[in-house]
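Novice: structure for the following, please:
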Amino acid sequence: MDRHLIYVRVAAEQLEKQGISVELIDVQTLMPFDINHDIVESLKKTNRIIFIDEDFPGGTTAYMMQQVLHKQGGYHHLDSAPIALAGKEHRPAYGSDGDYFSKPNVEDIFDAIYEMMNEVNPKDYPSIY
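Specialist: Modelled structure (predicted):
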């Protein structure tokens, strides 16, 4: 299994312990890209979306956002600003630890989703900073 997908699943498990349910869609299973609008169907249930990718900012996440929010009309279902969580704007250091700190990791994913929920409901999801 892709290490990046493992990070997302671990973050989803940690969020579940905080009372935040996450619907995870691996876009690699939607090739060609989401022709059945599975992401928009999920968005209709959650009203929130985060695109997570190891690519640099403005790369794959920007493409996915454009397709889902603009082309497929997903913006109609948003209750929170969409988030694109991409890799850092530099090349990762050599080795797996460089990847962990250069690409979205468990902490980055958890923090981004938790902050989104804090914005919506600060009473139930108090700031962690």
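Novice: please enumerate the helices of the protein.
Specialist: Along the chain, the segments classed as helices by DSSP state H run 3-17, 38-46, 60-65, 96-102, 106-120.
Novice: now mean pLDDT, mean neighbour count and distance to E54 too, for the ones you listed, in TSV please.
Specialist: Any C-beta I mention is one placed from the backbone N, CA and C, and that applies to glycine too. Conversion of the helices of the chain to TSV gives the following (pLDDT from 0 to 100; neighbours: other CB atoms under 10 Å; distance: least, CB to CB, whole Å):
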stretch	mean pLDDT	mean neighbour count	distance to E54
helix 3-17	91	15	5
helix 38-46	95	17	18
helix 60-65	90	18	8
helix 96-102	64	13	8
helix 106-120	94	17	11
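Novice: L78: which of the ones you listed is closest?
Specialist: When the helices of the chain are compared for distance to L78 using CB to CB, the nearest one is helix 38-46, at 7.3 Å.
Novice: dump the closest one to CSV, keeping only the CA atoms.
Specialist: Included here for helix 38-46 are C-alpha records, laid out as CSV according to Å, rounded to 0.1, in the frame of the first residue of the first chain:
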residue,chain,number,x,y,z
ASP,A,38,-18.1,9.9,-6.7
ILE,A,39,-16.3,12.8,-5.1
VAL,A,40,-19.3,15.2,-5.5
GLU,A,41,-21.6,12.5,-4.1
SER,A,42,-19.4,12.3,-1.0
LEU,A,43,-19.3,16.1,-0.8
LYS,A,44,-23.1,16.2,-0.8
LYS,A,45,-23.0,14.1,2.5
THR,A,46,-20.2,16.0,4.2
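Novice: mind checking how far that helix is from the chain centre?
Specialist: Offset of helix 38-46 from its chain centre (CA atoms, centre = their mean, to the nearest Å): 13 Å.
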